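In: only geometry, no sequence info:
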């Protein structure tokens with residue numbers, strides 16, 4: 001029998017501003033006169049959601065902002081009531097839905113630990129036994145007898161997560177709140193969750209925009225879109241669909257992203273354009289994984305440049321630098337006179353896995369080398385594989401190592 005069962009779950013909200021006094025009076029007269037009143041538009045945050053979760057499953061819930069993820073979790077935690085449908089939960093829940101959820105700001109950290117334990121039906125004696133463990137994990141020993149209203153948001157998250165993961169609930173529900181904590185505490189939280197998943201067999205529902213963590217921790221992922229379930233399946237395939245959705249959005253936003261790019265330049269040289277050529281020498285913004293490609297970078301030199309050094313790099317749209325090529329001393333003894341030039345970078349078997357990437361360029365010059373041009377997020381391009389589905393790359397990360405495998409039998413044990 002499933003530990004969580006969701007049947008035709010629908011949640012509607014009324015949109016619009018607070019009704020003015022004039023509108024209230026007019027609507028009153030309309031009702032008295034038997035005329036229809038002005039109705040505000042209804043918004044379906046959840047639209048006929050159906051799924052089940054078995055005991056011990058670790059399920060990620062992903063989607064763009066406004067997809068309905070947090071609304072769904074609030075219904076699973078019985079914080080919100082549905083407009084239609086039902087949610088059946090067979091077990092106790094420890095929710096960590098948002099910063100401060102389940103934590104009373106007027107009480108101290110210590111008092112909140114006992115309060116949350118009582119809500120979960122845990123005897124005071126058991127809470128007392130776990131108290132030191134909770135306080136130690138939260139790293140808040142110095143502040144544990146201070147009212148929570150004086151905590152920072154990060155401290156509140158530490159307390160809430162420590163309580164939720166240390167008390168013996170059957171189901172742990174975690175929203176994006178972990179992003180508030182510092183990196184070291186985030187790492188500790190994920191280690192704690194992995195311990196709960198592997199050793200304790202807890203049922204965990206995790207909402208996060210950190211898709212790589214979702215892929216690593218969860219075996220099943222639900223992708224939501226506009227209040228509906230768009231996909232529900234194995235993490236690699238479902239996250240692949242989400243990556244593909246994001247790729248298309250990022251590609252459309254490339255001009256906006258370019259306008260916000262870091263740019264440092266002198267009057268010595270100008271970047272005119274960057275062109276990407278596929279292996280058929282066609283100018284394109286879409287290439288296939290593992291094909292031979294060429295980047296052509298067109299410059300206008302305004303003053304003589306001695307010992308030019310050209311740099312070219314590729315980064316993700318969130319500025320993780322992936323690869324860099326530099327000419328080093330290749331043109332060391334040359335002087336570029338004013339005019340237009342094209343620098344060509346040939347890349348055989350383009351190694352980056354499917355996704356949207358951007359380029360950065362730099363130029364150094366002079367007897368004493370100094371930078372005269374640097375720009376990033378200059379030119380966006382997209383990599384797809386032959387099937388046009390990111391998830392079918394069968395790899396995680398950005399680069400396929402193309403390793404070869406062997407298996408040798410060294411001995412046989414009877």
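Out: Here it is on my side, so go on. Worth saying up front: this structure is predicted, and the values here are computed from it rather than measured. Numbers count the residues shown, from 1 in each chain.

In: any regions of the chain where pLDDT drops low?
Out: 15-25, 29, 33-41, 98-102, 177-181, 247-248, 250-261, 386-396, 413-414 (pLDDT under 70).

In: which residues touch the helix ranked longest in it?
Out: Longest helix in the chain by number of residues (criterion: DSSP state H): helix 235-252. By Cβ atoms under 8 Å, 6 or more residues apart in numbering, the residues outside helix 235-252 that reach it are 60, 62-64, 211, 214-215, 218-223, 225, 230-232, 257, 285, 317, 354-356, 380, 382, 389-392, 396. Every C-beta, even on glycine, is put in place using the N, C-alpha and C of the backbone.

In: the same query, at a cut-off of 6 Å, please.
Out: With contacts defined as Cβ atoms under 6 Å, 6 or more residues apart in numbering, helix 235-252 is touched by 62, 211, 215, 218, 221, 223, 231, 317, 356, 382, 390-391.

In: mind giving me CSV with those residues and columns for distance to residue 307, secondary structure and neighbour count?
Out: Below are these laid out as CSV (distance: Cβ to Cβ, whole Å; DSSP: H, G, I helix; E, B strand; the rest coil; neighbours: other Cβ atoms under 10 Å):
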residue, distance to residue 307, secondary structure, neighbour count
62, 50, strand, 27
211, 44, helix, 18
215, 46, helix, 20
218, 53, coil, 24
221, 52, strand, 26
223, 52, strand, 24
231, 54, strand, 17
317, 33, coil, 18
356, 35, strand, 21
382, 36, strand, 17
390, 42, helix, 24
391, 46, helix, 19
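
In: need the residues you listed in a markdown table (columns: distance to residue 129).
Out: Formatted as a markdown table, the contacts of helix 235-252 follow (distance: Cβ to Cβ, whole Å):
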| residue | distance to residue 129 |
| --- | --- |
| 62 | 37 |
| 211 | 38 |
| 215 | 36 |
| 218 | 31 |
| 221 | 36 |
| 223 | 40 |
| 231 | 43 |
| 317 | 48 |
| 356 | 51 |
| 382 | 55 |
| 390 | 48 |
| 391 | 45 |
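
In: how about those, which pair is most distant?
Out: 218 and 382 (26.4 Å; Cβ to Cβ).

In: what domains does the record give for the protein?
Out: For the chain, automatic domain parsing gives the domain ranges 60-77+89-251, 256-393.

In: reformat these as CSV; add distance to residue 42.
Out: Listed next are those as CSV, based on distance: least, Cβ to Cβ, whole Å:
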stretch, distance to residue 42
domain 60-77+89-251, 12
domain 256-393, 32
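
In: how about the helices of this protein, start to end?
Out: Using DSSP H, helices in the chain cover 21-32, 69-76, 109-119, 124-138, 153-166, 183-195, 211-217, 235-252, 254-259.

In: any idea how far the fifth one is from the chain center?
Out: Just to be clear, that refers to helix 153-166. 21 Å (Cα atoms, centre = their mean, to the nearest Å).

In: before we move on, back to that, now the longest helix of the chain: buried residues?
Out: Buried residues in helix 235-252, counting neighbours by 16 or more other Cβ atoms under 10 Å, are found at 235-236, 238-247, 250.

In: check stretch 212-231 too.
Out: Quick answer for stretch 212-231 (16+ other Cβ under 10 Å): 213-215, 217-218, 220-225, 227, 229-231.

In: returning to what we had before: which of the buried residues of helix 235-252 sits closest to residue 129?
Out: Closest to residue 129, out of all of the buried residues of helix 235-252 and judged by Cβ to Cβ, is residue 235, at 35.7 Å.

In: ok, now how distant is the closest one from residue 328?
Out: 42 Å (Cβ to Cβ, to the nearest Å).

In: hmm, who's touching stretch 175-192?
Out: Contacts for stretch 175-192 (Cβ under 6 Å, 6+ apart): 70, 73, 96-99, 153-154, 157, 161, 165, 207-208.
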